[in-house]
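# A structural model of the following input is requested.
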Amino acid sequence: MVKALKIEIFLLCMIVLIGLAARSRRSLFSSTLQLLFSMLGYTSAAYILFDMIWTLSDGADGTLGIAANWISNAVSFSLFAIACLIWFFYSETMQGSRLVTSRYRVVLVTLPTALVVVLAFTSYWTHALFYIDSQGVYRRGFAYMIQPIVSYCYVIHTSLHAFVQSRRVESLQTKAIYRTLAFFAIPALVGGTFQIVYSVPGLCVGIMISMLLLYIICQEQLISTDPLTGLNNRNRFETYMLSLFSNVDQAEDVYLLMMDADGFKQINDRYGHVEGDHALQVISAALKEVCSASGGFIARYGGDEFVVLQKAAAEQDIIDLCSAINDELARAESERDLMDIRAELRATGYLRQPRNAKKEKAAPRAPLAFVSSTGYEILVGRSNTQNDELTHRTARRTDIWLHVQKVHGSHVIIRAHDTTPDAQTIAEAASLAVYYSQARDGGKTPVDYTMARFVRKPSGALPGMVLYTDYQTCMAESDEALVERLRAR
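Numbers count the residues shown, from 1 in each chain. Modelled structure (predicted):
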């Protein structure tokens, strides 16, 4: 009776897992995550199958029964470790971890699982993980605990990593995904513990519940996400706004920004709806670039309309945010931006990867490069995030940093190489700073410049926001012909 109940539980869990694995191939995730999720489902189902065979063969008389017992245990020990490894890769890939970006790191992470597989299949001679006694009954080996320790370490590590990430990120959507990854394995861990202690089929039930919950949550993400831009849709915006304003004890004011794209109809009419869609993707990328870091809730309200819910301590912060959004859009270089956006949307599953497309390594986006008339290299940030990278990581302490005074714009760096740039180079760099700012059409504009060592980023500031001292000021104006002449070829 007990054995029959176990078989029924095994069969139910297998059917559910195979169904989830098959359904996940239908655009639930990006191509890589699709593959990992379906592999996890099929591997877990295979583990349960061999666990079921062990249940039927354990204690059976005869050579066939003992052989089935040995084989089912060796395979199930291996498959469980492999399933935990696949989950580790799935979770770390979703978190953008460095552990899965290098072949060397992937091999190192895989080695403990390889050890478990070797121990499982050599247990026939060594009795390391298990052995079958003279009555044909399964017994745990002297090194049995290696398998659960290795397997659970994968799950615990990636769960803790996701939990820490959820505490660090400001984006509400990303925070929800990381929390899901952090807590999804709890049913499997609880079920596995019951199986180890009480020898009941709790692990297969826990695995099934974990994967079912993850699948449901990912489906909810799809339902509440705009498929074109990857932003929240109107339904999710309204739900979030109601939940936000139901909490009357707000320490900070909440601001609602509503915006629409100027000239969007003309883009559709002249270039077609495909280019109109690309324009919406550029806008959404700019909003995510500027607003995500400060915890803003971004949504596509409908058509060419977008909304942002942003908490702020003062109205000036919102004015600065609006200026930063306009600045980000003004600096967008369409063709490269579209390539970046398409790659991002494919990576997050909102655009399909072409079937015949070759796998390409994502090259880091370089700043705009220019060479002054006297030979100095000048670098210009393309976005607020790249401004931070350029000023605080790329620039040396003695390089010259320039920025238009009191106006949003690109950070400009003169690579001084421990020399003092001449006046003409500073004037040309200042002209570039004006050209790549909101003051492009404003005529003569003051530009501040100082050594990079005197520029610092305040704690918690938006991308691109800095404070600087020991600066000088010059007057400059944008010159498109100069920009083209100085552009590095």
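
# those helices in the stretch 351-489 of the chain, which residues are they?
384-389, 423-435, 480-486 (DSSP state H, counting those that start in this stretch).

# same check, this time on the stretch 101-250 of the chain
103-126, 146-168, 172-183, 186-198, 202-223, 234-245.

# okay, the ones you listed in CSV with distance to N268 next?
The C-beta positions use only the backbone N, C-alpha and C, and glycine is treated the same way. Formatted as CSV, those follow (distance: least, C-beta to C-beta, whole Å):
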stretch, distance to N268
helix 103-126, 44
helix 146-168, 39
helix 172-183, 28
helix 186-198, 48
helix 202-223, 26
helix 234-245, 20
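
# Please tabulate the helices of the stretch 351-489 of the chain in CSV and include mean neighbour count as additional columns.
Formatted as CSV, the helices of the stretch 351-489 of the chain follow (neighbours: other C-beta atoms under 10 Å):
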stretch, mean neighbour count
helix 384-389, 22
helix 423-435, 22
helix 480-486, 13
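
# thinking again about what came up before, please produce CSV containing the helices of the stretch 101-250 of the chain, extended by distance to D479 and mean neighbour count.
Below are the helices of the stretch 101-250 of the chain laid out as CSV (distance: least, C-beta to C-beta, whole Å; neighbours: other C-beta atoms under 10 Å):
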stretch, distance to D479, mean neighbour count
helix 103-126, 47, 15
helix 146-168, 42, 18
helix 172-183, 41, 18
helix 186-198, 61, 17
helix 202-223, 47, 19
helix 234-245, 43, 14
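
# right, so of the ones you listed, which gets closest to L402?
helix 146-168 (31.8 Å; C-beta to C-beta).

# from the middle of its chain, how far away would that closest one be?
17 Å (C-alpha atoms, centre = their mean, to the nearest Å).

# Give me the contact list for that helix.
For helix 146-168, the external contacting residues (C-beta atoms under 8 Å, 6 or more residues apart in numbering) are 77, 80-81, 83-85, 87-88, 91-92, 95, 97, 112-113, 115-116, 119-120, 128-129, 175, 178-179, 181-185, 188-189, 192, 196.

# For V200, give me the pLDDT.
Looking at V200, its pLDDT stands at 75.

# Is it correct that it is in contact with F194?
Yes: using C-beta atoms under 8 Å, V200 is in contact with F194, at 5.7 Å.

# And for T419, the neighbour number?
10 (other C-beta atoms under 10 Å).

# Could you do D260 as well?
12.

# Enumerate the beta-bridge partners assigned to the nearest residue to it once chain neighbours are set aside.
Closest residue in space to D260, ignoring its immediate chain neighbours: E305 at 4.7 Å, by C-beta to C-beta, 6 or more residues apart in numbering. Residues in a beta bridge with E305, per DSSP bridges, are D260, G302.

# My guess is E305 contacts F264. True?
No: between E305 and F264 there is no contact under C-beta under 8 Å: 9.6 Å.

# where does the stretch 51-200 of the chain have low pLDDT?
Where the stretch 51-200 of the chain drops to pLDDT under 70, the residues are 170-173.

# State the distance from W70 to F77.
11 Å (C-beta to C-beta, to the nearest Å).

# Likewise for D422?
71 Å.

# So between the two, which is more surrounded?
F77 (26 against 14).

# Spit out the contact partners of that one.
V116, L119, A120, L129, F130, Q147.

# May I ask which helix or strand encompasses it?
helix 62-95 (DSSP states H and E).

# buried stuff in that helix?
65-66, 68-95 (16 or more other C-beta atoms under 10 Å).

# show me what contacts the residue nearest to D260?
Applying C-beta under 8 Å, 6+ apart, the residues near E305 are M258, M259, D260.

# was I right about the second one contacting G303?
Put plainly, it is M259. No: counting by C-beta under 8 Å, M259 does not reach G303; the two are 11.9 Å apart.

# higher neighbour count, the two?
M259 (16 against 12).

# so what pLDDT did that one get?
For M259, the predicted pLDDT is 89.

# how would you label G59: helix, strand or coil?
coil (DSSP: H, G, I helix; E, B strand; the rest coil).

# Quick check: what element follows the helix or strand harbouring K311 along the chain?
In this structure, K311 is located in strand 305-312 according to DSSP H and E. Next along the chain after strand 305-312, taking DSSP H and E as the criterion, comes helix 315-330.

# Can you list the neighbours in contact with that following helix?
In contact with helix 315-330 (C-beta under 8 Å, 6+ apart) are residues 253, 255, 257, 259, 282-283, 286-287, 289-291, 294, 296, 310, 312, 383-384, 408-409, 437-438, 440, 462, 464-465.

# Quick check: buried residues in it?
D317, I318, D320, L321, C322, A324, I325, D327, E328, L329.

# Okay, now the unreliable bits of the stretch 251-400 of the chain?
In the stretch 251-400 of the chain, residues with pLDDT under 70: 251-252, 293, 330-365.
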